[in-house]
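1. sequence first, predicted model second:
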Amino acid sequence: MKVTIKDTGVSVTPLCFGTSGLGDMPDTYGYEVSEARARETLDAIFESEVNFIDTSNNYGFGRSEARVGDAIRARGGLPNGFVISTKLDRDMETQRLDADRARRSLEESLTRLGVDKVGILHLHDPEHVADVAEITRDGGAMDELFKMKEEGLADAVGLAMGKNDLMMELVQKWPFDTIISHNRWTILNRSASDIFDYARAQGIAVFNAAPYAGGVLAKGADVMPRISYSPADASALEPVRQIETICAEHGIAPGAVALQFSMRTDGIASTICGVSKPERVTQTLEWASVEIPAAVWSALEAVPVDMNDPEAHRDYKLG
């Protein structure tokens, strides 16, 4: 069943595939993704029942959008009813995101993607810009975002970012259709709870990204000893190992539990899961539908929950 976003006419599936990893970002994820592998993954996405992908101007310095666009062109165009979400990003040399940069960001995205408009357009990562005032002032990047919607370049507009305090401030000031928060509503971390509650009360569609805490809940603490894109020591990984033990006792994949934790949360319109190979597309769909015993959810209540910023010590890179 799809969720319709406000009065925008945009309807999305409860699952969305994130494509940042398809832009080849080894500094962030710890592995490389070739162009051929990215194409195979995108073909698997387009052939699935999911109608929603998320990308960004700056993922892989534009490689994610370029690869998505190449896949769309190879298929003869975007499938009917398919929704692309992308983002307005700062200039990566100057870190500026004023109205002019926002306009150039969208133009770059549309060119790479090979489309005239996008279903959803988010302003991205304002916490990392040189001057937030360039975004929030009259005539700034935020006003430009809503102007793009008025011009028909995006059907819905929103805010995608990490830091909760600034996000709450911005969400309370502008009438967004959607928001994206990442790594902040998982089995390990619930720091986005206040923002999600506020957004739901305002009718803003909530998209929850990175339910696997950057991959560790999907791949395991031994394979990927990183939480929210940062190296994790034994102490930080202990809750992950508790989750793995509980799941092993019931024969359930931790990734399935992590994914369904997000999907079963009231008010989350869609959960954004990054995939970087076609097998992960199939696996994600299986994890979304597997039956998880009530005993698992009960046991997980004993796992410690962090309410702090999960990316406080992240070395933010786009490669």
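-> Received it, and whenever you're ready, just let me know what you need. Numbering: from 1, shown residues only.

2. for the stretch 1-150 of the chain, what spans make up the helices?
-> 26-29, 35-46, 63-74, 99-113, 133-136, 141-150 (DSSP state H, counting those that start in this stretch).

3. show the average pLDDT along the second one.
-> Translated: helix 35-46. Average pLDDT, helix 35-46: 98.

4. which other helices and strands contact that helix?
-> helix 63-74, helix 278-289 (3 or more CB pairs under 8 Å, 6 or more residues apart in numbering; DSSP states H and E). All C-beta spots, glycine's among them, are computed from the backbone N, C-alpha and C.

5. just tell me which of these ends up closest to R39.
-> Closest to R39 of those is helix 63-74 (CB to CB; 5.7 Å).

6. quick check: buried residues in the closest one?
-> Neighbour counts using 16 or more other CB atoms under 10 Å place 63-72 of helix 63-74 among the buried residues.

7. next, the angle helix 99-113 makes with it.
-> Following axes from the mean of the first three to the mean of the last three CA atoms, to 10 degrees, one obtains 40 degrees for the angle between helix 63-74 and helix 99-113.

8. next one: helix 63-74 to chain centre, how far?
-> With CA atoms, centre = their mean, to the nearest Å as the basis, helix 63-74 stands 18 Å off its chain's centre.

9. dump the C-alpha coordinates for that helix into PDB.
-> C-alpha atoms of helix 63-74 as PDB (Å, rounded to 0.1, in the frame of the first residue of the first chain):
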ATOM      1  CA  ARG A  63      28.200   9.800  -9.300                       C
ATOM      2  CA  SER A  64      25.100   8.500  -7.700                       C
ATOM      3  CA  GLU A  65      22.800  10.800  -9.700                       C
ATOM      4  CA  ALA A  66      24.800  10.200 -12.900                       C
ATOM      5  CA  ARG A  67      24.500   6.400 -12.500                       C
ATOM      6  CA  VAL A  68      20.800   6.700 -11.800                       C
ATOM      7  CA  GLY A  69      20.300   8.800 -14.800                       C
ATOM      8  CA  ASP A  70      22.200   6.400 -17.000                       C
ATOM      9  CA  ALA A  71      20.100   3.500 -15.800                       C
ATOM     10  CA  ILE A  72      16.900   5.500 -16.600                       C
ATOM     11  CA  ARG A  73      18.000   6.400 -20.100                       C
ATOM     12  CA  ALA A  74      19.000   2.800 -20.800                       C
END
